[in-house]
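Asks: Sequence first, predicted coordinates after that:
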Amino acid sequence: MDQKYTFSSKVKYRLAGLIVLGLLATIYGFISNPDKTWANLLLNNFYFLSLALGAMFFIAVQYVTESGWSAMFKRIPEAMAFYVLVAGAIAILLFFGMQSLYEWAEPGITETDKLIAHKSPYLNVPFFMVRLVVVFAVWLILLVIMRRNSLKEDLAGSLALFNKNKRLSMAFIFLFVISFSVATIDWIMTIDSHWYSTIFGLRAIISSIYYAVAVMILLSFFLKGKGLFKEMNISHRHEFSRYIFRLSIVWGYLWFVQYIIIWYANIPEATTYYVPRVSEPWSPLFYAELLINWTIPFVVMMSDDFARKKIVMISISIMLLIGFYIMLYLQIMPGSIGIKSFGLVDIGMFAGFAGVFLFIFFTFFAKAPAMPVNHPYLKESLSREL
Amino acid sequence: MQHIIGIFDNDDKVVDAIHLLKKQNIAIADVHAPFGSHHILRDLGKESRIPYGSVLSGAFAIIATFSFIYWTSVINYPLLIGGKPTFAFPSWVVTIYLMTILLTFVGTVIIFQMRTKMMFGNKAPIVHDESTDDKFIMIIEQTKDMTDQQVDKIKKLLVDQGALEVKMQDLQIA
């Protein structure tokens, strides 16, 4: 039961290959089209940061609700969350690309643009960087403390550590909702600096846990293939697919809420966001986003017997990861570069970030036993039956 | 018709008894339980098909509500509201969504009542009073080709599985 995953050098070399590919693509991108590359850096970094924080949010939800079924998988989201380390470094690096990403960061814009001048007490570069550092500090501190408690629990096995983590989880959920809203609004929403949506942060929060569960599904099936998680049965698959199904409903709901308010009110300052997105050349992506992230998962996962099949879960999860890319692509690209282009550089950069994410995941996953040995709910999780 | 009635106080015991009886090819007519149990239903082979009823009523609700709004606001009485086109689909979604919830619920209840024959005024087929309290009632039909010996065997089997009481009862239902 206290099996550890061995991060073999074969996997290491493959992931290192992906990272090198990503680096080459980034360097080539900076030479050929720096604006696009900054936007791509932001997109990919935010993509994997969302997955990491969503994984942490998932753990926190399991603690607060005292869910038993997920106890044996706890180490997967825990290791995923450590991408926050890299995300922080890259986010600080984005400081140098701010002028090409954000209209409001251009020097002298406050004199010509009244609206940005009005927002400038909040939207200015120094305060932006302060907020960035603060939110990363909050996430990192909570992550490190919760991970340490979780590792201590493996040795000691006391309920006190579980309760401590439960209280930390409550704090995390509270702080995460605020900090991640702030972060999303700062990094993504201010690209269209004249536009705002009050539900933008909530959409990002729900997306983070939605796609993090999809990644967890893929990783748990992968690790089961490697001989870990032998006890994973149809009940666990059922719980995972329920997460996807229900979060797809919430995702669709929030997508629609944001859209209908703007469509119905028809106020020019609000519709500026949607007008380019529902017209050429972005409109195919606009409809694909809704189809991939809501319609298909909702319809396919409706039947229990179907949703619990391994092949269905894996293909839906992979599809959702593409859907998440489309979602962020539509949020970032029309405002920052305004040209729809997708090529080998974009794929290479995504592959590089995926390589970093997986490298960090496997490094931290291999450090501790694959299952939390002394978790109070481990037995319930192992013998889970519906 | 004569039925063998076994009364249990624990759903795990009922599940074990179902497995044993199934192994000996003895058909169980029904199990009455104080609460719904997936385990019992699944092992009995009587899993509910009510979700399909819900999906059907949901699909009906979507089509019916859409057609109704389409007929009222596009065909029969097209009004310009706020400069929107008469076929203003996004604003209909809210209505369709809420009507789907309502009609799915109502439709599921109606389908359930029809299937279980629990219409108003019908008397509930209660075999044993305590099945409405905390006991599980297993009903096995005594078929015509069942000898007394076999009946005794089943009775003994139920007692061995932890039945509190086993008795014969003349029932019209089940």
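Replies: That came through, no problem. Numbers count the residues shown, from 1 in each chain, chains lettered A, B, ... in the order given.
Asks: rest of the way, CA atoms for contacts and neighbours
Replies: OK.
Asks: Quickly note the distance from residue A:39 to chain B.
Replies: Distance from residue A:39 to chain B, counting by Cα to the nearest Cα, to the nearest Å: 31 Å.
Asks: Any figure for the gap between the nearest residue to that residue once chain neighbours are set aside and residue B:123?
Replies: Take residue A:39 and drop its neighbours on the chain: the residue closest to it by Cα to Cα, 6 or more residues apart in numbering or on different chains is residue A:101, 6.4 Å away. Counting by Cα to Cα, to the nearest Å, the separation of residue A:101 from residue B:123 is 72 Å.
Asks: quick one, which of the two is more surrounded?
Replies: Using other Cα atoms under 10 Å in any protein chain shown, the more surrounded residue of residue A:101 and residue B:123 is residue A:101, with 28 against 9.
Asks: Please verify my assumption that that one contacts residue A:190.
Replies: No: contact criterion Cα atoms under 8 Å: residue A:101 and residue A:190 do not qualify, at 9.3 Å.
Asks: Run through the residues of chain B sitting next to chain A.
Replies: Applying Cα under 8 Å from any Cα of the partner chain, one finds that chain B approaches chain A through B:38-39, B:90-91.
Asks: In JSON lines: the residues you listed, plus pLDDT, distance to residue A:109 and secondary structure.
Replies: Converted to JSON lines, the residues of chain B next to chain A look like this (pLDDT from 0 to 100; distance: Cα to Cα, whole Å; DSSP: H, G, I helix; E, B strand; the rest coil):
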{"residue": "B:38", "pLDDT": "82", "distance to residue A:109": "64", "secondary structure": "helix"}
{"residue": "B:39", "pLDDT": "83", "distance to residue A:109": "67", "secondary structure": "helix"}
{"residue": "B:90", "pLDDT": "90", "distance to residue A:109": "37", "secondary structure": "helix"}
{"residue": "B:91", "pLDDT": "90", "distance to residue A:109": "38", "secondary structure": "helix"}
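Asks: Weed out the non-buried ones from the residues you listed.
Replies: residue B:39 (16 or more other Cα atoms under 10 Å in any protein chain shown).
Asks: Centre-most residue in chain A?
Replies: The centroid of chain A falls nearest to residue A:50 when counting by Cα atoms, centre = their mean (2.0 Å).
Asks: Residue of chain B closest to chain A, please.
Replies: residue B:90 (6.4 Å; Cα to the nearest Cα).
Asks: burial of residue 20, as a residue count?
Replies: Defaulting to chain A. Neighbours around residue A:20, by other Cα under 10 Å: 18.
Asks: Oops, wrong one, chain B.
Replies: Count around residue B:20 with other Cα under 10 Å applied: 15.
Asks: same question, the one 4 residues further on
Replies: For residue B:24, the count of nearby residues is 9 (other Cα under 10 Å).
Asks: Need the per-residue pLDDT for it.
Replies: On pLDDT, residue B:24 comes in at 85.
Asks: Distance check, the most centrally placed residue in chain B against residue B:54.
Replies: Geometric centre of chain B, nearest residue: residue B:48, 5.2 Å, by Cα atoms, centre = their mean. Going from residue B:48 to residue B:54 by Cα to Cα gives 12 Å.
Asks: Let me know the secondary structure of residue B:137.
Replies: Under the three-state scheme (DSSP: H, G, I helix; E, B strand; the rest coil), residue B:137 adopts strand.
Asks: just for the chain, where's the confidence low?
Replies: Answering for chain A, as no chain was given. A:1-2 (pLDDT under 70).
Asks: oops, chain B please
Replies: B:173-174.
Asks: Domain-wise, how is it divided?
Replies: Per the record, chain B has its domains at B:2-47+B:126-170, B:50-116, by automatic domain parsing.
Asks: can you tell which of those domains is closest to residue A:230?
Replies: Closest to residue A:230 of the domains of chain B, according to Cα to Cα: domain B:2-47+B:126-170, at 23.0 Å.
Asks: Does residue A:15 touch residue A:360 like I think?
Replies: No: in this structure, residue A:15 is not within contact of residue A:360 by Cα under 8 Å, at 10.1 Å.
Asks: which element is the residue in chain A that chain B sits nearest to on?
Replies: Proximity to chain B, evaluated over chain A using Cα to the nearest Cα, is greatest for residue A:260 at 6.4 Å. Secondary structure assignment for residue A:260, by DSSP states H and E: helix A:234-265.
Asks: ok, and for that helix, which residues are buried?
Replies: So helix A:234-265, judged by 16+ other Cα under 10 Å, has buried residues A:234-238, A:240-242, A:244-252, A:254-256, A:260-263.
Asks: same deal with stretch A:31-45?
Replies: Within stretch A:31-45, the residues that count as buried by 16+ other Cα under 10 Å are A:34-45.
Asks: How about stretch A:171-179?
Replies: By neighbour count on 16+ other Cα under 10 Å, the buried set for stretch A:171-179 is A:172-173, A:175-177, A:179.
Asks: These: which ones sit near chain B?
Replies: Counting by Cα under 8 Å from any Cα, no member of these is near chain B.
Asks: could the residues you listed be laid out in a markdown table, adding secondary structure?
Replies: Below are these laid out as a markdown table (three-state DSSP):
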| residue | secondary structure |
| --- | --- |
| A:172 | helix |
| A:173 | helix |
| A:175 | helix |
| A:176 | helix |
| A:177 | helix |
| A:179 | helix |
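Asks: Find the nearest non-adjacent residue to the residue nearest to the centre of chain B, please.
Replies: residue B:41 is the one closest to residue B:48 (Cα to Cα, 6+ apart), at 7.7 Å.
Asks: The one you found: neighbour count?
Replies: With other Cα under 10 Å as criterion, residue B:41 counts 15.
Asks: That one: helix or strand, and which one exactly?
Replies: Here residue B:41 is assigned to helix B:38-44, by DSSP H and E.
Asks: what helices or strands is that helix leaning on?
Replies: Judged by 3 or more Cα pairs under 8 Å, 6 or more residues apart in numbering or on different chains; DSSP states H and E, helix B:38-44 is in contact with helix B:11-23.
Asks: rerun at 10 Å
Replies: helix B:11-23, strand B:30-32 (3 or more Cα pairs under 10 Å, 6 or more residues apart in numbering or on different chains; DSSP states H and E).
Asks: Return the most buried member of these.
Replies: strand B:30-32 (a mean of 18; mean count of other Cα atoms under 10 Å in any protein chain shown).
Asks: Which other helices and strands does that one contact?
Replies: Looks like strand B:30-32 contacts strand B:2-8, helix B:38-44, strand B:136-141 (3+ Cα pairs under 10 Å, 6+ apart).
Asks: give me that answer again for 8 Å
Replies: Using 3+ Cα pairs under 8 Å, 6+ apart, strand B:30-32 is in contact with strand B:136-141.
Asks: What residues of the helix or strand just after the strand it packs on count as buried?
Replies: The helix or strand immediately downstream of strand B:136-141 is helix B:148-160, counting by DSSP H and E. Within helix B:148-160, the residues scored as buried using 16+ other Cα under 10 Å are B:151, B:154-155, B:158-159.
Asks: Repeat that for stretch A:266-283.
Replies: For stretch A:266-283, burial by neighbour count (16+ other Cα under 10 Å) applies to A:270-271, A:273, A:277, A:282-283.
Asks: that older thread, let me see the contact set for the residue of chain B closest to chain A.
Replies: For residue B:90, the contacting residues are A:260, A:263, by Cα atoms under 8 Å, 6 or more residues apart in numbering or on different chains.
Asks: now swap in residue A:181 and tell me
Replies: Contacts of residue A:181 by Cα under 8 Å, 6+ apart are A:200-202, A:204-205.
Asks: can you rerun that using 7 Å?
Replies: Neighbouring residues of residue A:181 by Cα atoms under 7 Å, 6 or more residues apart in numbering or on different chains: A:201-202.
Asks: Quick check: it vs residue A:204, distance?
Replies: 7 Å.
Asks: got the residues of the stretch 201-350 of chain A near chain B?
Replies: Proximity of the stretch 201-350 of chain A to chain B is confined to residue A:260 under the rule Cα under 7 Å from any Cα of the partner chain.
Asks: residue boundaries of the helices in the stretch 201-350 of chain A?
Replies: Listed in chain order, the helices of the stretch 201-350 of chain A (DSSP state H, counting those that start in this stretch) span A:234-265, A:268-278, A:283-290, A:296-300, A:304-307, A:310-336, A:344-367.
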